[in-house]
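Visitor: Structure of the sequence below:
(one chain, ligands or ions: 3)
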Amino acid sequence: METLSSSRLTTLLDKALNRCHQQGGKLTQKRERVLKLMLQSRKPLSAYEVADQLNKDNEQSIPAMSVYRMLDFLVSNQLVHKLSSANKYIACSHIACDHSHQVPQFLICSKCQKVKEIGIPKTIVEQLQQSVQEADFQLLNSQLELDCICQDCA
Ligand SMILES: [Zn+2]
Ligand SMILES: [Zn+2]
Ligand SMILES: [Zn+2]
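Guide: Ligands and ions are numbered 1, 2, ... in the order given. Predicted coordinates:
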């Protein structure tokens, strides 16, 4: 798996800063640190793992509650996604992209926990919505999380 170069990281953080600004939010230093940590992580992290890592290089400990709030902010700005199945968070792979963000579909390797984010074509999302409606349910979240095995583990 490729490592994140520092120039790539700077680009991503710049883009993130702009995106928050456009959406009327503020990527504070603390939020930026959480995002940086998420971008550098190769695996999805739980809020507690994020808190642990933040507190490792910080003398002042950050309570889990504020970590949740920072993660919520990043999620609402689509910089980070929440994997409901694992109750963990992962940085968006499209932060530097100019295209609009699609409904994400996550392929999760059940062996090494590697996650790949791909977009679901609009037509499939619509079909999904339709079949849910036909069953008299309402779709609250069309994000898909699929159990997979990656090429390295296969
Ligand atoms: Zn994304
Ligand atoms: Zn993209
Ligand atoms: Zn794997």
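
Visitor: can we go C-alpha only for contacts and neighbour counts from here?
Guide: Fine.

Visitor: Could you list the residues of this structure in contact with ligand 3?
Guide: Within reach of ligand 3 by CA under 5 Å from the ion, the chain has these residues: 109, 112, 150, 153.

Visitor: my read: the last one touches K111, true?
Guide: Yes: A contact is recorded between C153 and K111 when judged using CA atoms under 8 Å, the distance being 6.7 Å.

Visitor: Next, K36: phi, psi?
Guide: Here is the backbone geometry of K36 (degrees, to the nearest 10): phi -60, psi -40.

Visitor: Report pLDDT for it.
Guide: Note for K36: predicted pLDDT of 95.

Visitor: re earlier: which of the residues of the chain next to ligand 3 count as buried?
Guide: With burial judged by 16 or more other CA atoms under 10 Å, the buried subset of the residues of the chain next to ligand 3 is 109, 150.

Visitor: Export the residues of the chain next to ligand 3 to CSV and append columns for pLDDT and secondary structure.
Guide: Below are those laid out as CSV (pLDDT from 0 to 100; DSSP: H, G, I helix; E, B strand; the rest coil):
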residue, pLDDT, secondary structure
C109, 95, strand
C112, 93, coil
C150, 96, coil
C153, 97, coil
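
Visitor: can you map out the helices along this protein?
Guide: Applying DSSP state H to the chain gives helices spanning 6-22, 29-40, 47-56, 64-76, 122-134.

Visitor: a markdown table for those, including distance to K82 and mean neighbour count?
Guide: Shown next, in a markdown table, are the helices of the chain (distance: least, CA to CA, whole Å; neighbours: other CA atoms under 10 Å):
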| stretch | distance to K82 | mean neighbour count |
| --- | --- | --- |
| helix 6-22 | 17 | 15 |
| helix 29-40 | 12 | 17 |
| helix 47-56 | 10 | 17 |
| helix 64-76 | 7 | 17 |
| helix 122-134 | 19 | 13 |
